[in-house]
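Colleague: just a sequence and a predicted model for now, questions to come.
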There are 2 protein chains.
Amino acid sequence: METLKVIKIGGNIIDNDVALSSFLKEFSKLKGPKILVHGGGKLASKLATQMNIPVTMTEGRRVTDDKTLDIITMVYAGKINKNIVAQLQSHKCNSIGFSGADGNTIVSTKRPTKPIDYGFAGDVKQVNTETLKILLQNNITPVFCAITHDKKGQLLNTNADTIASELAIGFATSYHTKLYYCFEKNGVLENVENDDSVIEEINTKTYKTLIENGIIYEGMLPKLNNCFYAINHNVKKVCIGKSDMLFHTNAKHTTITK
Amino acid sequence: METLKVIKIGGNIIDNDVALSSFLKEFSKLKGPKILVHGGGKLASKLATQMNIPVTMTEGRRVTDDKTLDIITMVYAGKINKNIVAQLQSHKCNSIGFSGADGNTIVSTKRPTKPIDYGFAGDVKQVNTETLKILLQNNITPVFCAITHDKKGQLLNTNADTIASELAIGFATSYHTKLYYCFEKNGVLENVENDDSVIEEINTKTYKTLIENGIIYEGMLPKLNNCFYAINHNVKKVCIGKSDMLFHTNAKHTTITK
């Protein structure tokens, strides 16, 4: 089977024009089929503030009322997505921007309003890879923003890490899929204050120990849960670290194994 | 050759949720390959005002500075485009949203700054239909917003009527293309105050006479120039009128002929 890389980038790249431009230049050179998934960074909150729309976060996640949904659709699917696509085209990487509504690629259901009402937040229900496969076979790179739809006309805000893992899982029967989470650190760290203390490999057993010992906590928990969910659903390789890990073979990073 | 319909809708549909929803329901039932092109309506100016960004129009066209380009990218490619795609999916019309950057489908050049500097406005240079053809063959409807790119990483604001005619022309060698401009009137009117006074057919010769007699003027001129440009570049049929013309065979409209 051919290898497919699913690569997720977040705020540390999205929010920095120089970092984004440099990442996209290197990304466009990566050989073989690939999919890029991008988060929204700080831009949506900035625009909400400019428009006097309150930003409400509960347990680290955005509460998405109708006005907030408009804002994230404008920022994620509009400004960020189209600028990424235009830059990739300038590097001769033919790409098409996607939300989950486009091509009916990612269908989600509105999250139950209890215990917490997150508003127009979607939990992924189904990934349809047919159209994306045709594009990949034609050397086109899909670029996903973190928006899905419910197939009833409603757009839904969806976690970008989850979109990346669900896409990697969805393609696991047709490709040897590798999932890469790029973030601001070299990987999962033994000591959060030392960026060199990268734990090179985490498996299900050592993961439990790391949680028990308080090494992994808070924001890293949902990220790593996504990693283990993917590796347990036929994704062949899951890595987490700085985007260097994609371009330099000796760059430190954490690999997740069963 | 198979028939391809290229349909452009403007502010009278885009700015009215009920009209848009009703149009999309009927549009999704149209048989055969089709492409939808949408303008931006009043939403971009509304958002600019909310954000205290001045709206500058010169000779009926928007002057697009960098902040305005961000706004139209957010509104056209984000909010409007994704909501249209989500609604079409709810009617089982599989669609994918496009700017000209996506799939490198429409390449334009920044308009010369003289005699008038329109900022980031693009004049269409090239239409690439390969990827779109693959999608059309797979029963997928492309939905275009009025944004193109220069292949050097720059997005450019481009007139939606022009995008529609350039797409229709681009496909004219592979399809029997029909171009429909939907707007708020029943067609080109003999008397602008009487919506029943539709001129059923206009050809190059009668067009000249209508201009000389002051029947066609101002905003209708660029619209009709696009129509004649298309019909003179192998587009098989060009119609202008209310969107009813697409769904009801007896609906009045104007047909443009050579």
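Modeller: On my side now, so go ahead. Quick caveat: nothing in here was measured; it's all calculated off a predicted structure. Numbering: from 1, shown residues only, chains lettered A, B, ... in the order given.

Colleague: helices along the stretch 151-258 of chain A, start to end?
Modeller: A:160-170, A:204-212, A:220-231, A:244-247 (DSSP state H, counting those that start in this stretch).

Colleague: so which of these gets nearest B:Ile199?
Modeller: With CB to CB as the measure, helix A:160-170 is the member of the helices of the stretch 151-258 of chain A nearest B:Ile199 (51.1 Å). Backbone N, C-alpha and C define where each C-beta goes, glycine included.

Colleague: let me see the mean pLDDT of the closest one.
Modeller: For helix A:160-170, the mean per-residue pLDDT is 97.

Colleague: report the angle between that helix and helix A:220-231.
Modeller: 10 degrees (axes from the mean of the first three to the mean of the last three CA atoms, to 10 degrees).

Colleague: so does helix A:160-170 get close to chain B?
Modeller: No: judged by CB under 8 Å from any CB of the partner chain, helix A:160-170 and chain B are separated, with a smallest distance of 14.8 Å.

Colleague: what's that helix in contact with?
Modeller: If you take CB atoms under 8 Å, 6 or more residues apart in numbering or on different chains as the criterion, helix A:160-170 is touched by A:4, A:6-8, A:10, A:35, A:37-40, A:100, A:106, A:124, A:127-129, A:144-146, A:148, A:177-179, A:181, A:222-223, A:226-227, A:229-230, A:233-235, A:238.

Colleague: returning to that earlier point: ranking the helices of the stretch 151-258 of chain A by burial, who's on top?
Modeller: Per residue and on average, the most neighbours among the helices of the stretch 151-258 of chain A fall to helix A:160-170, with a mean of 26 (mean count of other CB atoms under 10 Å in any protein chain shown).

Colleague: give me the pLDDT for the closest residue to A:Asn138 other than its chain neighbours.
Modeller: Among residues not flanking A:Asn138 along the chain, B:Ile134 sits closest, at 6.4 Å (CB to CB, 6 or more residues apart in numbering or on different chains). We have a pLDDT of 98 for B:Ile134.

Colleague: and if you look at A:Thr73?
Modeller: 98.

Colleague: distance of the residue in the stretch 51-200 of chain A positioned nearest to chain B from B:Asp102?
Modeller: Residue nearest to chain B within the stretch 51-200 of chain A (CB to the nearest CB): A:Gly78, separated by 2.4 Å. Counting by CB to CB, to the nearest Å, the gap from A:Gly78 to B:Asp102 is 12 Å.

Colleague: who has more neighbours, these two?
Modeller: B:Asp102 (32 against 29; other CB atoms under 10 Å in any protein chain shown).

Colleague: burial measure for A:Thr113, as a count.
Modeller: For A:Thr113, using other CB under 10 Å, the count is 10.

Colleague: again, but for A:Asn234
Modeller: 13.

Colleague: which residue, other than its chain neighbours, is closest to it?
Modeller: A:Ala172 (3.7 Å).

Colleague: need phi/psi at the one you found.
Modeller: The phi and psi values for A:Ala172, taken as degrees, to the nearest 10, are phi -60, psi -20.

Colleague: the strands in the stretch 51-200 of chain A, which residues?
Modeller: A:57-58, A:61-62, A:95-98, A:106-110, A:122-127, A:141-144, A:147-149, A:155-157, A:176-182 (DSSP state E, counting those that start in this stretch).

Colleague: can you list those in JSON lines and add mean pLDDT, distance to B:Asp15 and mean neighbour count?
Modeller: Converted to JSON lines, those look like this (pLDDT from 0 to 100; distance: least, CB to CB, whole Å; neighbours: other CB atoms under 10 Å in any protein chain shown):
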{"stretch": "strand A:57-58", "mean pLDDT": "85", "distance to B:Asp15": "33", "mean neighbour count": "10"}
{"stretch": "strand A:61-62", "mean pLDDT": "82", "distance to B:Asp15": "28", "mean neighbour count": "18"}
{"stretch": "strand A:95-98", "mean pLDDT": "98", "distance to B:Asp15": "24", "mean neighbour count": "29"}
{"stretch": "strand A:106-110", "mean pLDDT": "98", "distance to B:Asp15": "27", "mean neighbour count": "21"}
{"stretch": "strand A:122-127", "mean pLDDT": "98", "distance to B:Asp15": "27", "mean neighbour count": "18"}
{"stretch": "strand A:141-144", "mean pLDDT": "98", "distance to B:Asp15": "29", "mean neighbour count": "24"}
{"stretch": "strand A:147-149", "mean pLDDT": "98", "distance to B:Asp15": "22", "mean neighbour count": "30"}
{"stretch": "strand A:155-157", "mean pLDDT": "98", "distance to B:Asp15": "19", "mean neighbour count": "27"}
{"stretch": "strand A:176-182", "mean pLDDT": "98", "distance to B:Asp15": "40", "mean neighbour count": "24"}
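
Colleague: could you redo the ones you listed as CSV and give each row distance to chain B?
Modeller: Output for the strands of the stretch 51-200 of chain A, formatted as CSV (distance: least, CB to the nearest CB, whole Å):
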stretch, distance to chain B
strand A:57-58, 22
strand A:61-62, 16
strand A:95-98, 4
strand A:106-110, 9
strand A:122-127, 11
strand A:141-144, 9
strand A:147-149, 5
strand A:155-157, 5
strand A:176-182, 21
